[in-house]
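1. Fold the following and give me the result.
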Amino acid sequence: MFEDYARQHAEMSWLAQGTIYPDVVESAATRFGKSHVIKSHHNVGGLPARLGLKLLEPLRDLFKDEVRELGKSLGLPDDLLTRHPFPGPGLGVQVVGEVRKEGLEMLRESDANLIEELRKHDWYGRIGQAFAVLLPVNSVGVTGDTRRYGPVISLRAVETGDFMTAATAELPWALLKSIATRILNEVPGLSRVLLDVSSKPPATIEWE
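-> Residues are numbered from 1 along each chain as shown. Predicted structure coming up:
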């Protein structure tokens with residue numbers, strides 16, 4: 001699709017990307033050659049020559065906190081500066097295992113409920129990133145008097161400045177219960193909601 005669009009718009013000569021330094025480091029693509037591959041980022045490694053585009057990455061050598069400072073100095077609004085990262089490849093990155101339409105629909109609604117609850121309780125701007133993850137397992141649940149198996153969602157919320165390290169965001173227990181209850185009530189088919197409390201390192205922020 002991208003290649004088709006590029007061919008249809010031959011007048012374009014540049015592609016701008018929001019690549020930042022943690023992407024580069026984790027993909028072992030620094031000019032110093034001292035890092036190890038932690039995970040391969042889709043936006044690191046250049047563009048295929050067949051696209052005929054030059055690459056513009058003005059933020060490539062900046063950490064996330066430095067990008068936000070730059071945005072603040074340029075007068076960008078706070079709601080844009082504090083927006084949580086969204087994975088370039090889309091929600092498929094937050095599905096562990098096979099990506100299927102019905103799973104994506106469950107994940108999309110769960111993620112939206114999580115973010116809405118964080119905003120409503122004034123926690124969204126106080127943490128670095130939060131999202132839901134669909135796990136490749138089913139667990140037993142109960143609907144009425146019927147036993148059934150359904151998918152499992154895990155919640156992830158972290159505090160971080162540079163996104164190279166991160167700690168679990170210590171959300172209030174009442175808020176976590178409110179989020180889990182809403183997800184289970186509003187997303188048909190789910191059996192349970194879990195909480196990921198792993199730090200980075202050893203875990204990464206995203207699961208995939």
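2. counting contacts, what elements does the longest helix anywhere in the chain pack onto?
-> Looking across the chain with DSSP state H, the single longest helix is helix 101-120. With contacts defined as 3 or more CB pairs under 8 Å, 6 or more residues apart in numbering; DSSP states H and E, the secondary structure elements packing on helix 101-120 are strand 129-143, strand 146-159, helix 173-186. Placement of C-beta: from N, CA and C, glycine included.
3. Now do the closest residue in space to Thr168 that isn't next to it in sequence: how many residues are near it, please.
-> Nearest non-adjacent residue to Thr168, counting by CB to CB, 6 or more residues apart in numbering: Val197, 4.5 Å away. Here the neighbour count serves as a burial measure; for Val197 (other CB atoms under 10 Å) it reads 14.
4. ok so, going back, which positions within the longest helix of the chain qualify as buried?
-> 103-104, 106-107, 109-111, 113-115, 117-118 (16 or more other CB atoms under 10 Å).
5. What residue in this protein is the furthest from its centre?
-> Here the chain has its C-alpha centre computed as a mean, and the residue farthest from that point, by CA atoms, centre = their mean, is Asp145 with 36.6 Å.
6. Take the buried residues of helix 101-120 and write them to JSON lines, including pLDDT and distance to Ile127.
-> Output for these, formatted as JSON lines (pLDDT from 0 to 100; distance: CB to CB, whole Å):
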{"residue": "Gly103", "pLDDT": "95", "distance to Ile127": "25"}
{"residue": "Leu104", "pLDDT": "96", "distance to Ile127": "24"}
{"residue": "Met106", "pLDDT": "97", "distance to Ile127": "23"}
{"residue": "Leu107", "pLDDT": "97", "distance to Ile127": "19"}
{"residue": "Glu109", "pLDDT": "98", "distance to Ile127": "21"}
{"residue": "Ser110", "pLDDT": "98", "distance to Ile127": "17"}
{"residue": "Asp111", "pLDDT": "98", "distance to Ile127": "15"}
{"residue": "Asn113", "pLDDT": "98", "distance to Ile127": "16"}
{"residue": "Leu114", "pLDDT": "98", "distance to Ile127": "11"}
{"residue": "Ile115", "pLDDT": "97", "distance to Ile127": "11"}
{"residue": "Glu117", "pLDDT": "98", "distance to Ile127": "12"}
{"residue": "Leu118", "pLDDT": "98", "distance to Ile127": "7"}
